[in-house]
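>>> sequence and computational prediction follow.
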Amino acid sequence: MKIMKEIDFLPTWYRSGRQRQISYRTQFISMGGIFVVMVVWNLIAAHSISKTKAALAEAKLNSASINSAAQEFARIKSEATHLQEKVRIIEQIDSKIEVANVLAEISFLVDKKIVLSKVEFIAEKFEGKLNSNPAIRAFTNNFSGKKAPPLSDVRFKVLINGIALDASDVAALICRLEDSPYFCQVIPLFTRNKEMRTAANAGREKFQMSEFEISCDLANYRQEGKAAGL
């Protein structure tokens, strides 16, 4: 039997170099794979960070909008409360008298021989016994026939100033005021003669007229009890 022996004709340095090349190639492929994985991971992480930043920005924007809406709501609520307080105060101090109707009544009662210079409305409390008498109540003007809630204990005085051709015209106006359902407690404060000259008779003699002032109350209150016969 013959024994065959393999003879390696490759030098040792060649085999060592070949192994090193294979080792380098394996390491290079491994490092390339790791690099690719790192790049992909960085892209995924960057995308995730971008989405997170966008979500945070949107959350901040929503939070700012909510805070702004809350502040606006608080401001509007404060203004509404302030306006409600004003309305309450106005309702308390509102005279609730129909001034246009009263002026129309005065215009109807005033004769063409009379010229008014002032009509003044004055709110005053009841004095003396009236102020302490619970049977005295003030009511809103109900000349239109409508019922209204009670006012505070005040009455409205009307001062009427003007000029008439004669004192008899003033007396006739006083009578008409007393007969009117709009007024009560009609009192002539003064009537005096006054010399006047108009543009029509400039340079001529002055003529006498009657200047007057009348005080009366609006008939928007009533007295309850035996004294009033109710």
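Great, that's in hand.
>>> so which helix or strand of this structure has the lowest pLDDT on average?
Taking mean pLDDT, DSSP states H and E as the measure, the helix or strand of the chain with the lowest value is strand 136-138, at a mean of 39.
>>> what element comes up after that one heading to the C-terminus?
Past strand 136-138, further along toward the C-terminus, the next helix or strand under DSSP states H and E is strand 154-164.
>>> what residues sit buried inside the helix or strand just after that following strand?
Proceeding C-terminally, strand 154-164 gives way to helix 167-179 as the next helix or strand, assigned by DSSP H and E. Taking 16 or more other C-beta atoms under 10 Å as the basis for neighbour counts, the residues of helix 167-179 that come out buried are Ala167, Asp169, Val170, Ala172, Leu173, Ile174, Arg176, Leu177. Any C-beta I mention is one placed from the backbone N, CA and C, and that applies to glycine too.
>>> quick one, helix 167-179 and strand 154-164 angle?
Per axes from the mean of the first three to the mean of the last three C-alpha atoms, to 10 degrees, the angle that helix 167-179 makes with strand 154-164 is 160 degrees.
>>> figure out how far helix 167-179 is from the centre of its chain.
Between the mean C-alpha point of helix 167-179 and the mean C-alpha point of its chain there is a distance of 46 Å (C-alpha atoms, centre = their mean, to the nearest Å).
>>> then stretch 97-112?
A distance of 33 Å separates the centroid of the chain from that of stretch 97-112, by C-alpha atoms, centre = their mean.
>>> do the same with stretch 28-46
Between the centre of stretch 28-46 and the centre of its chain there are 67 Å (C-alpha atoms, centre = their mean).
>>> what of stretch 56-72?
Put simply, stretch 56-72 sits 27 Å off its chain's centre (C-alpha atoms, centre = their mean).
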